[in-house]
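K.L.:
Everything below, folded, please.
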Amino acid sequence: MSTITVIRKQEADRRRQRLAELIRIHFSDKQSDFVARVDGNQGEISALIGNQRKSFGAVKARNLEEQAGLLKGSLDAEPGEPFFAYQIEASAKEPRSGRKAPVIGMSAKATQSRLVEESLPQPTEEEFAFVPQLDIAAACGEGRFQDHVVVKGGLAFKRSSLRDFGVPEEAARIIYAAGGSMLPTIQDGCVVLVNTADRSPLDGKVYLICKPDGGLVLKRLIRDYHPSVGGQAWIMRSDNPDKIAHPDKVLPPDDRTMIAGRAVWNDNRL
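P.N.:
Numbers count the residues shown, from 1 in each chain. Modelled structure (predicted):
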């Protein structure tokens, strides 16, 4: 795969994450409400978010931004960045011929301040819970997991969604995945919701694991035979099919290793 192809894929993946964030946070996680705002259809929006093979180029991103009233480049920003808009409403879109002109004649700073306060639907405490983001570098060291170590804010999740995922609000944490070991399930840089209250391994589920060396990794735990122990063991398995680069490893069965929580969502339920 050429460098240009890799870059374009990374750009498309980031746009998928940003589009999913926009719908979750500002359209109550309802694709139908977002579709009502733009010139698209439910199938196309679902494919843009969930189908990694679906093209999501700059032209499509700019069109969606313009139709939704977002500032240009909003879908290319890093995951977790706030959305700024000219006009964005949770209600159905106006006909193209009747759409109001974007707000102009204001400084960028004044425009952003006004729009953040007035234009975007704001999460309320009744509907949304603030899920803090873990500082991965500080969260795991010497075999100990510090789930209170958080930085860089977090994300707003609907309380009903957390209940649906089976995640207690006080145990919900956000991380950003790093690397390609869990491709294609979890993309590099993808937002991952972790339930830190769920630390008992289940066969086939994805967990955040604190290793003896202090590293924190996302791996699928599999109960299977492993030759190194000559019997059944919990195995840390990467979803990436390249097993030379990402081989299976036995989960050390002692207190040097700790399951920090179960990954339950990353733009799609896990």
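
K.L.:
Check the secondary structure at I49 for me.
P.N.:
helix (DSSP: H, G, I helix; E, B strand; the rest coil).

K.L.:
For it, give me its contacts.
P.N.:
16, 19-20, 23, 31, 267 (CB atoms under 8 Å, 6 or more residues apart in numbering). All C-beta spots, glycine's among them, are computed from the backbone N, C-alpha and C.

K.L.:
Which ones among those map onto helices?
P.N.:
16, 19-20, 23, 31 (DSSP state H).

K.L.:
As TSV, those residues with distance to F56 and neighbour count would be great.
P.N.:
Conversion of the ones in helices among the contacts of I49 to TSV gives the following (distance: CB to CB, whole Å; neighbours: other CB atoms under 10 Å):
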residue	distance to F56	neighbour count
R16	6	22
L19	8	23
A20	12	22
I23	14	21
Q31	15	19
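
K.L.:
Could you dump those into JSON lines with pLDDT added?
P.N.:
Output for the ones in helices among the contacts of I49, formatted as JSON lines (pLDDT from 0 to 100):
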{"residue": "R16", "pLDDT": "91"}
{"residue": "L19", "pLDDT": "91"}
{"residue": "A20", "pLDDT": "91"}
{"residue": "I23", "pLDDT": "88"}
{"residue": "Q31", "pLDDT": "88"}
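
K.L.:
just the residues you listed now: which is nearest M258?
P.N.:
A20 (30.0 Å; CB to CB).

K.L.:
Would you mark the buried spots in stretch 157-167?
P.N.:
Residues of stretch 157-167 classed as buried by neighbour count (16 or more other CB atoms under 10 Å): 157-158, 161-162, 165, 167.

K.L.:
Go through those and name the one nearest D213.
P.N.:
V167 (27.9 Å).

K.L.:
Quick check, pLDDT for that closest one.
P.N.:
V167 is assigned a predicted lDDT (pLDDT) of 95.

K.L.:
Quick one, grab the pLDDT at the residue nearest to it when sequence neighbours are not counted.
P.N.:
Residue nearest to V167 in three dimensions, not counting chain neighbours: N195, with 4.3 Å by CB to CB, 6 or more residues apart in numbering. The model reports N195 with a pLDDT of 95.

K.L.:
Could you do T111 as well?
P.N.:
So T111 comes in at 38 (pLDDT).

K.L.:
now the strands for the stretch 1-150 of the chain?
P.N.:
128-134, 140-141, 144-145, 150-158 (DSSP state E, counting those that start in this stretch).

K.L.:
weakest of those in terms of mean pLDDT?
P.N.:
Among these, strand 140-141 carries the lowest mean pLDDT (a mean of 56).

K.L.:
what about the stretch 51-200 of the chain, any weak spots by pLDDT?
P.N.:
84-125, 137-153 (pLDDT under 70).

K.L.:
Flag every buried residue along the helix or strand harbouring I235.
P.N.:
In the assignment (DSSP states H and E), I235 maps to strand 231-237. Neighbour-count burial for strand 231-237 flags 233-237 (criterion: 16+ other CB under 10 Å).
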